[in-house]
Structures are given as C-alpha cells and as structure tokens.
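S.K.: my questions are about this predicted structure, shown below with the sequence.
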Amino acid sequence: QVQLVESGGGLVQVGGSLRLSCTASSGDFSAYVMGWFRQAPGEVREFVALISRRATLTEYSDSVKGRFTISRDNAKNTVFLQMSSLKPEDTGIYYCAASEGGGRWDAAYPHWGQGTQVTVSS
C-alpha cells in the first residue's frame, strides 16, 4: 500500500506562488495515477489536478487551469503541484492521492496523504 506525505504548504500573498510536493514512501509509485484535491473550510473536497502514470496526460479543474501545473518524477516517487497567481479562494488543505484507475472523483482514490495547508492572504 502506498503511503503519501505532502509538503510545501504555507502562507502566501495574493498573486504569489507555491510548490507542493507529495512523496510516496512505499508501494510502486509509477503504477498510480496521482491527483491533487483541496478542501476549503466548510466546503466539500474538490478535484484540482491529476497526472497519468507516465505523465502523458494531465487534467485540471476549470478554477485552476492556466495557473497550476501538475508534474511527477517517478524516479523520486514524487508528484508536484506548482501553483501561481494564487487567489484567496485557493485557500484550503491540499491533499495528494493515488489511484489505480484515476479520474476526478475522490472516491476513486483509496490512498491519501495527510494534507498540507495553503493560505492565500489579501
């Protein structure tokens, strides 16, 4: 079973950038589609981005398209989320997740990290 640990969250001003990382400490990382999700206070968890096993396919939610970039390094068992032009509405806990099947629904991802807080201040 893959175990995931996120890092890189923090406090940033509007328009700033952050790079999140998620490293797998066990399991065959390259066998999984990797996703990023986020949850704002009082809101349901929502899809942010996903990347296929060999990084040939990426998908983004409309709210982050053009501002966020997902990538992965299978040799380092790590997936990244580069976030730019951050807005207050990007505030939330960001989770990485692993799935054998992939997709935009969190129910398709059985493996989750503990989350990392991102706060965008105005």
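M.R.: The structure has been received and is ready for your questions.
S.K.: residues contacting I51?
M.R.: 33-35, 57-58, 70-72, 79 (Cβ atoms under 8 Å, 6 or more residues apart in numbering). To be clear about C-beta, it is placed using only N, CA and C from the backbone, and glycine gets the same treatment.
S.K.: out of the residues you listed, which are buried?
M.R.: Taking 16 or more other Cβ atoms under 10 Å as the criterion, what is buried in these is 33-35, 70, 72, 79.
S.K.: distance of G103 relative to V79?
M.R.: Distance of G103 to V79, computed by Cβ to Cβ, to the nearest Å: 16 Å.
S.K.: any idea how far stretch 42-61 is from the middle of the chain?
M.R.: Centre-to-centre, stretch 42-61 and its host chain are 7 Å apart (Cα atoms, centre = their mean, to the nearest Å).
S.K.: what do you get for stretch 102-116?
M.R.: Centroid displacement of stretch 102-116 relative to its chain, using Cα atoms, centre = their mean, is 9 Å.
S.K.: in it, what counts as buried?
M.R.: Neighbour-count burial for stretch 102-116 flags 102, 106, 109, 111-113, 115-116 (criterion: 16+ other Cβ under 10 Å).
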